[in-house]
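>>> just coords:
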């Protein structure tokens, strides 16, 4: 096996030019599964489209918008400027600066789940802290945007204009939190990566299986993994599920989902291990650590190799779908079986003595002879048709959640024709406008600027009503917003 066989898959997956990508043209070797749209403002919509942006389904809202950028992490260097640099259960990272001759770490903007609002203060948190550089959503970690709808590493980040046109993200990009709209067209290889086998032995060949039936040697194992560590976000991931995929790391969870409190608060609930290229690993705090499966070419000098390349560290690895198992194990060279549950820092958990102890603690009478001898990553072959059902399910789950919130009184529950009035304190206003989730619904120049909105023209669900008044010169006098839940059926 030579260097060419390791990288033979990469040339077919080169990204198309920016103009073609921005206009939504088909890319050779790729297929579009869905689009994600984030309006970066307070209460801005987070939506998904499975018909190339013709229609959108609401899956969440921005609670606090991104108002700046933050310095990224080492692996962000391997991402192309203006693309998704990392996708994870606990937040996605977008590279928003170009190449830098001074070799500074690129700046990034994040999309974060509700559990990570503000600066994490939990004990032992070691992940990226986006601060004001994140659009914090009301979507939970490990679901929807942060699981089955997640973008793939390498997807382009586009900016939507006022007329709905898409253009490449201007670099450097600094968000203001005033409504800039980011669109990610999620394109994946047409020949999906569906399985990867990682022998847990130095010198073992890592092999990939693709949807077409093709099999390829991808790389080698430089260092086997011996145990697990406390990786952030793994309390929301699940046993044998993917926690993170970025240009330098794949993280696998070994702990059950347990989000009763912030990670690091109370009992330890995290657990997982990483898969990483040897050069990137040598640059990190986890260099040579026993909870990292290190990949590369055995017997060659350390140098940048598979970092940021397909299929393992760009394009092909997704976070999977809810309820699916992503990674299972082979123990003592036996049959494939589920990943063992391991919580906390247990640096020998995959060795024979460590695994035997894990089983004993769980009440399992079993003795390991060699420990975990291989891992198998299984990925869904998510077609555009399958994504239609996934998107509908995610949007339906959000509607159901918000309906319960409305029943509790957290949102106004409305039906039929709804009367909406601009602020009575809008002195000097000459006319007013009503918008529903950013779409203009009416104008009036007759005080007290009251509108009648027929909610029966839209599906049941959550909507953002906005009234804006203007003076005679067209300057804004006042803006009012209110979320409501429309319930005309059931």
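All right, it came through fine. Keep in mind the model is a prediction, meaning the values are calculated, not measured.

>>> where along the stretch 301-450 of the chain do the strands fall?
327-331, 336-338, 372-378, 413-414, 417-421, 431-436, 439-444, 450-454 (DSSP state E, counting those that start in this stretch).

>>> any chance of the ones you listed in CSV, plus mean pLDDT and distance to residue 134?
No exception for glycine: its C-beta is placed from N, CA and C like everyone else's. As requested, these are exported to CSV (pLDDT from 0 to 100; distance: least, CB to CB, whole Å):
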stretch, mean pLDDT, distance to residue 134
strand 327-331, 98, 28
strand 336-338, 97, 34
strand 372-378, 98, 28
strand 413-414, 95, 31
strand 417-421, 92, 32
strand 431-436, 93, 26
strand 439-444, 90, 27
strand 450-454, 93, 33
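
>>> quick check: longest helix of the chain.
Ranked by residue count under DSSP state H, the longest helix found in the chain is helix 384-407.

>>> for it, buried residues please.
387, 390, 391, 394, 395, 398, 399, 402, 403, 405, 406 (16 or more other CB atoms under 10 Å).

>>> and if you look at stretch 260-271?
Residues 262, 263, 264, 268, 269, 270, 271 are the ones in stretch 260-271 that count as buried (16+ other CB under 10 Å).

>>> what mean pLDDT does it get?
Average pLDDT, stretch 260-271: 85.

>>> for it, measure first residue to last.
Terminal residues of stretch 260-271 are spaced 16 Å apart (CA to CA, to the nearest Å).

>>> for this structure, what spans make up the helices?
Taking DSSP H as the criterion, the chain carries its helices at 3-7, 18-22, 278-282, 352-361, 384-407.

>>> could you dump the ones you listed into CSV with mean pLDDT added?
Compiled in CSV, those are given as follows (pLDDT from 0 to 100):
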stretch, mean pLDDT
helix 3-7, 35
helix 18-22, 43
helix 278-282, 95
helix 352-361, 98
helix 384-407, 95
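
>>> in JSON lines, list those helices along with distance to residue 179.
Output for these, formatted as JSON lines (distance: least, CB to CB, whole Å):
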{"stretch": "helix 3-7", "distance to residue 179": "42"}
{"stretch": "helix 18-22", "distance to residue 179": "20"}
{"stretch": "helix 278-282", "distance to residue 179": "36"}
{"stretch": "helix 352-361", "distance to residue 179": "50"}
{"stretch": "helix 384-407", "distance to residue 179": "21"}
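
>>> so which of these is nearest residue 165?
Smallest distance to residue 165 across the helices of the chain (CB to CB): 8.7 Å, for helix 18-22.

>>> quick one: low-confidence parts of the stretch 51-200 of the chain?
When residues are selected by pLDDT under 70, those of the stretch 51-200 of the chain lie in 101, 103, 118-127.

>>> and the strands in it?
Under DSSP E, counting those that start in this stretch, the stretch 51-200 of the chain gives strands at 57-64, 70-71, 84-88, 92-95, 107-112, 134-137, 157-160, 166-168, 180-189, 193-199.

>>> out of the ones you listed, which is the most enclosed?
strand 92-95 (a mean of 29; mean count of other CB atoms under 10 Å).

>>> just curious, which of the buried residues of helix 384-407 is nearest to residue 84?
residue 387 (16.7 Å).

>>> ok so, going back, from the buried residues of helix 384-407, pick the one nearest residue 292.
residue 390 (31.2 Å).

>>> what's the nearest residue to that closest one if we skip its chain neighbours?
residue 148 (5.1 Å; CB to CB, 6 or more residues apart in numbering).

>>> look up how far residue 149 lies from the closest residue to residue 139 other than its chain neighbours.
What sits nearest to residue 139 in space, not counting adjacent residues and going by CB to CB, 6+ apart, is residue 60, at 3.9 Å. Distance, residue 60 to residue 149, using CB to CB, to the nearest Å: 10 Å.

>>> ok so, going back, for residue 241, find the nearest of the helices of the chain.
Between those, helix 384-407 lies closest to residue 241; by CB to CB that is 15.9 Å.

>>> how much space between the spatially closest residue to residue 70 that is not a sequence neighbour and residue 45?
The shortest distance from residue 70 to any non-neighbouring residue, by CB to CB, 6+ apart, is to residue 133 (3.5 Å). Noted for residue 133: a distance of 20 Å to residue 45, by CB to CB.

>>> so between these two, which is more surrounded?
Neighbours were counted for residue 133 and for residue 45 using other CB atoms under 10 Å; residue 133 has more, 24 against 21.

>>> which residues touch that one?
By CB atoms under 8 Å, 6 or more residues apart in numbering, the residues touching residue 133 are 66, 67, 68, 69, 70, 107, 108, 109, 110, 175.

>>> residue contacts, residue 378?
194, 195, 324, 325, 326, 327, 328.

>>> using TSV, lay out the strands of the stretch 51-200 of the chain together with distance to residue 307.
TSV is the format used below for the strands of the stretch 51-200 of the chain (distance: least, CB to CB, whole Å):
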stretch	distance to residue 307
strand 57-64	31
strand 70-71	19
strand 84-88	12
strand 92-95	14
strand 107-112	16
strand 134-137	24
strand 157-160	20
strand 166-168	23
strand 180-189	18
strand 193-199	17
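
>>> which stretch among those comes nearest residue 32?
strand 180-189 (5.2 Å).

>>> was I right about residue 369 contacting residue 333?
No - assessed by CB atoms under 8 Å, residue 369 is found out of contact with residue 333, at 9.1 Å.
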